[in-house]
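Enquirer: coords please:
(2 chains)
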2 protein chains.
Amino acid sequence: MTNYKVILQYDGSRYDGWQKQGNTDNTIQGKLESILEKLAGQPVEVHGSGRTDAGVHALGQAANFHLEDGRTAKEVMDYLNRYLPEDIAVTEAKTVPERFHSRLNAVSKTYLYRIETGDKKMVFEQKYIYGLGREMDLGKMRQAAKYLVGEHDFKSFCANKRMKKSTVRRLDSIEITREGSRVYLLFTGNGFLHHMVRIMTGTLIEVGLSERSPESVEELLGAKDRQASGYTAPAEGLFLKNVEY
Amino acid sequence: MTNYKVILQYDGSRYDGWQKQGNTDNTIQGKLESILEKLAGQPVEVHGSGRTDAGVHALGQAANFHLEDGRTAKEVMDYLNRYLPEDIAVTEAKTVPERFHSRLNAVSKTYLYRIETGDKKMVFEQKYIYGLGREMDLGKMRQAAKYLVGEHDFKSFCANKRMKKSTVRRLDSIEITREGSRVYLLFTGNGFLHHMVRIMTGTLIEVGLSERSPESVEELLGAKDRQASGYTAPAEGLFLKNVEY
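Expert: Residues are numbered from 1 along each chain as shown, chains lettered A, B, ... in the order given. Predicted coordinates for the structure are as follows:
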């Protein structure tokens, strides 16, 4: 068998997220597996680097799968791009060692969250940015972000209440930048809990709007309680930017 | 009565163009007029600077209309933005002299045409760019464009075969630029015939692909025959950028 690693771009607007679901499947993983099943003549399991929620986009999701020997990575990529819908694309493909696994071998991931602070309607980009429509204090947000960087128990930022595994993760950096009326948040870390990026973003927005203090973020991290943190920022502003191996 | 001038942005993908049609109206002008009729309590006629075809976008279409006195331009703009669909926005509004007319007073217009020369799928921008997927020689295109600039009879670039009025127009400039795998064509002139920008673009693309010579453009301009010029480039790449008064 040959192991193929692919990099994927997708507009998540029309999909129920990455992970395959039961009968009424409308997921990115499901689309890939059904096309690969036609190519291979048998079911193919696609391993993603991790899930993305319904409505979340990807600039560089990573995935891998095994096929019988005999096809170049380019052939597999071209086949996928021919049958995938217009809003999902394979941008790179290569063969990797038999034991490579997109999720288990990932070293870190980077997510981008895009916010529009102006109050104008976004005619061309409404599906790809969160229209907050209010100005934020980036100094305060950067101050608050410092408490989140490092290795912590991120239970306060996890939407899954019955999470039985460890909620400890290492966040390498949060970069907050402005470009005109746009604010971009870039999160890099070794792993992210369910809704973790969107809850961190909602919490940092509340700090930026002076609805909570930067210092309160240190306290709520210690609380280990989802109720202590901010709201879940909407899916449309979020992009899985890339996965590092 | 007060005369209001508005600047509009729209994603033309879902619409049958600018100009209002009969019963099954799905046009930009139609949307504006039906909202203004509710505001005014009587029919309101909206004058655009000119038509845009089905699927063509606008970054800065200009239009004007008259309402009974008593509303500020800001109030009218906010009302329109509240009821217009997400893919149409009023970005500016002001009151203008009674006799101002968006079409009759326009001095020049600028159109932008966007082309992707790479062969990658465009996950996020497919509706806003023409995916040509082939490289072009911009030097040849610029050479060909020189024959088009100036005052000419553009009959060879007019889709309307039964055009009875003059087909003479003045084209002030054509700028052709590259940004990575993207090529942008910017046309400024005092007026454009039906499909004129898209036929000029299709013809210049044929020159860029070496399917016709730059010099052939001078000949076909003299032919005054639509059959002599190139194909009509698709609507999705075209934006009405702005209208100068």
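
Enquirer: so which bits of stretch A:116-124 are buried?
Expert: Using 16 or more other CB atoms under 10 Å in any protein chain shown as the burial criterion, the residues of stretch A:116-124 that qualify are A:E116, A:T117, A:K121, A:M122, A:V123, A:F124. Bear in mind the C-beta positions are built from the backbone N, C-alpha and C, glycine included.

Enquirer: what sits up against stretch A:41-50?
Expert: With contact meaning CB atoms under 8 Å, 6 or more residues apart in numbering or on different chains, stretch A:41-50 is reached by A:18-19, A:28-29, A:32-33, A:36-37, A:61-67, A:101-103, A:106, A:109, A:191-192, A:240, A:243.

Enquirer: so what does A:G131 have for phi and psi?
Expert: A:G131 adopts backbone torsions of phi -90, psi 90, taken as degrees, to the nearest 10.

Enquirer: please flag which of the buried residues of stretch A:116-124 sit within helices.
Expert: The helices, defined by DSSP state H, take in nothing from these.

Enquirer: quick one: which of those sit in strands?
Expert: Filtering the buried residues of stretch A:116-124 for membership in strands, criterion DSSP state E, returns A:E116.

Enquirer: using TSV, lay out the buried residues of stretch A:116-124 together with pLDDT.
Expert: Below are those laid out as TSV (pLDDT from 0 to 100):
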residue	pLDDT
A:E116	97
A:T117	97
A:K121	87
A:M122	91
A:V123	94
A:F124	94
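
Enquirer: ok, and which of the buried residues of stretch A:116-124 reach chain B?
Expert: When CB under 8 Å from any CB of the partner chain is taken as the criterion, the members of the buried residues of stretch A:116-124 that contact chain B are A:K121, A:V123, A:F124.

Enquirer: right, and the helix or strand after the helix or strand containing A:R142?
Expert: Element membership for A:R142 (DSSP states H and E) is helix A:138-148. Per DSSP H and E, the first helix or strand lying C-terminal to helix A:138-148 is strand A:150-153.

Enquirer: thinking again about what came up before, out of the ones next to chain B among the buried residues of stretch A:116-124, the closest to A:M141 would be?
Expert: A:K121 (24.9 Å; CB to CB).

Enquirer: just give the nearest non-adjacent residue to the closest one, would you?
Expert: B:A89 (3.7 Å; CB to CB, 6 or more residues apart in numbering or on different chains).

Enquirer: the one you found touches B:Q9, doesn't it?
Expert: Yes. Taking contacts as CB atoms under 8 Å, B:A89 lies within contact range of B:Q9: 4.8 Å.

Enquirer: what sits in contact with each of those two?
Expert: A:K121, A:V123.

Enquirer: residue contacts, the nearest residue to A:V207 once chain neighbours are set aside?
Expert: Using CB to CB, 6+ apart and skipping residues adjacent in sequence, the residue nearest A:V207 is A:A144, 4.3 Å away. Under the criterion of CB under 8 Å, 6+ apart, the neighbours of A:A144 are A:T203, A:L204, A:V207, A:P214, A:S216, A:V217.

Enquirer: switch to 7 Å and redo it
Expert: A:L204, A:V207, A:P214, A:V217 (CB atoms under 7 Å, 6 or more residues apart in numbering or on different chains).

Enquirer: separation between it and chain B?
Expert: Using CB to the nearest CB, to the nearest Å, one gets 30 Å for the distance from A:A144 to chain B.

Enquirer: pop the domain breakdown of chain A in here.
Expert: Residue ranges for the domains of chain A, per automatic domain parsing: A:2-96, A:108-244.

Enquirer: save those as TSV, and put in distance to B:R71 too.
Expert: As requested, the domains of chain A are arranged in TSV below (distance: least, CB to CB, whole Å):
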stretch	distance to B:R71
domain A:2-96	36
domain A:108-244	20
